[in-house]
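What would the 3D arrangement of this be:
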Amino acid sequence: MLAEKAKIRICSGASQFSEFTNLTGKNWEFSLNPEELKTLISPILERTLNSVKLAMADAKLKPDEIDEIVLVGGSTRVPWIKQNLS
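Just a heads-up that it's a prediction; the model follows:
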């Protein structure tokens, strides 16, 4: 839940500093800003968009033939995903 809150805060334009304790009891901390997050998730975003393009090609659909996109999951709040899909 802490990671989800951090993601929402970073996507809203704020930097995030967090400290976590992993399962072994070791503490670690990090600081992340929106541009750093975007750099980290870019490869995942590219793979996601490629999957969308393949699905559209399989369905023989063009972007202007799609009326609505339903996004599901926590990462749908990431603005770059919405921007790239539209």
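
right, and the helix or strand after the lengthiest helix in the chain?
Ordering each helix of the chain by length in residues (DSSP state H) puts helix 34-58 first. Using DSSP states H and E, the helix or strand that follows helix 34-58 in sequence is helix 79-85.

Could you export that following helix as CSV, CA atoms only?
Extracted in CSV, the C-alpha atoms of helix 79-85 (Å, rounded to 0.1, in the frame of the first residue of the first chain):
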residue,chain,number,x,y,z
PRO,A,79,-0.6,10.0,-16.7
TRP,A,80,1.9,8.8,-19.3
ILE,A,81,-0.2,5.6,-19.9
LYS,A,82,-3.3,7.7,-20.6
GLN,A,83,-1.4,10.1,-22.8
ASN,A,84,0.2,7.3,-24.9
LEU,A,85,-3.0,5.4,-25.3
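
now that helix: mean pLDDT?
Summarised as a single mean, pLDDT over helix 79-85 is 79.

What of stretch 5-14?
Throughout stretch 5-14, pLDDT has a mean value of 72.

Which positions in the longest helix of the chain come out as buried?
Buried residues in helix 34-58, counted by 16 or more other CB atoms under 10 Å: 34, 37, 41, 45. All C-beta spots, glycine's among them, are computed from the backbone N, C-alpha and C.

For the second one, report the pLDDT, please.
Just to be clear, that refers to residue 37. 81.

can you tell me which residues contact it?
7, 10-11 (CB atoms under 8 Å, 6 or more residues apart in numbering).

what would these look like in TSV with neighbour count and secondary structure?
As requested, those are exported to TSV (neighbours: other CB atoms under 10 Å; DSSP: H, G, I helix; E, B strand; the rest coil):
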residue	neighbour count	secondary structure
7	18	helix
10	20	helix
11	18	helix
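
could I get those residues as CSV with distance to residue 30?
CSV is the format used below for those (distance: CB to CB, whole Å):
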residue, distance to residue 30
7, 13
10, 11
11, 16
